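K.L.:
Here is my input; please provide its structure:
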Amino acid sequence: MSTIPTLRLAVCLYPELTPLDFVGPAEVFVLLAPKNVKAHAELYPALPSVQIEPTYFSHNLEPVVGDAGPGFNPQRTYGEVLEKFEQYDLILVPGGEP
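P.N.:
This is a model prediction of the structure:
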């Protein structure tokens, strides 16, 4: 029985970010989940069978408001990850005001 590899994705959130910069790529990454690869096999026969596991980070757990208005709730803080020396396979840093 083969196992499907899981890649851990860190999505970095911060005030005034541009939501489209992470929501768009996140939608593509979700297509790589095994259930979606199977469902779309006829349309995209060359998609790899990997699981992408996203985690959304910010400096605290308060909702992060982007430059277009909607707020996003981070799941973890950067400090929590640093304390446990957690590692991620992919890091997504959206654009926005510095």
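K.L.:
CA atoms for contacts and neighbours, from now on please.
P.N.:
Noted.
K.L.:
By residue count, what's the longest helix in this protein?
P.N.:
helix 20-31 (DSSP state H).
K.L.:
Give the buried residues for that helix.
P.N.:
Within helix 20-31, the residues that qualify as buried are 22, 26, 29-31, counting by 16 or more other CA atoms under 10 Å.
K.L.:
which residues of this structure fall in helices?
P.N.:
20-31, 34-39, 78-84.
K.L.:
follow-up on the earlier one: closest one of the buried residues of helix 20-31 to G95?
P.N.:
F22 (8.5 Å; CA to CA).
K.L.:
excluding its backbone neighbours, what's nearest the closest one?
P.N.:
P94 (5.5 Å; CA to CA, 6 or more residues apart in numbering).
K.L.:
Can you report phi and psi for the one you found?
P.N.:
Torsion angles at P94 (phi, psi; degrees, to the nearest 10) stand at phi -70, psi 160.
K.L.:
Look up how far A41 lies from it.
P.N.:
29 Å (CA to CA, to the nearest Å).
K.L.:
Neighbour count for the two, which is higher?
P.N.:
Taking neighbours as other CA atoms under 10 Å, P94 and A41 compare with P94 leading, 17 against 12.
K.L.:
was I right about that one contacting L17?
P.N.:
Yes: with contact defined as CA atoms under 8 Å, P94 and L17 form a contacting pair (6.5 Å).
K.L.:
could you dump the buried residues of helix 20-31 to a markdown table with distance to V64?
P.N.:
Converted to a markdown table, the buried residues of helix 20-31 look like this (distance: CA to CA, whole Å):
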| residue | distance to V64 |
| --- | --- |
| F22 | 13 |
| A26 | 17 |
| F29 | 21 |
| V30 | 22 |
| L31 | 25 |
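K.L.:
Closest to P63 out of those?
P.N.:
Nearest to P63 among the buried residues of helix 20-31, with distances taken as CA to CA, is F22, at 15.5 Å.
K.L.:
Does the closest one touch V11 like I think?
P.N.:
Yes: using CA under 8 Å, F22 is in contact with V11, at 7.4 Å.
K.L.:
Show me the common contact partners of those two, please.
P.N.:
92-93 (CA atoms under 8 Å, 6 or more residues apart in numbering).
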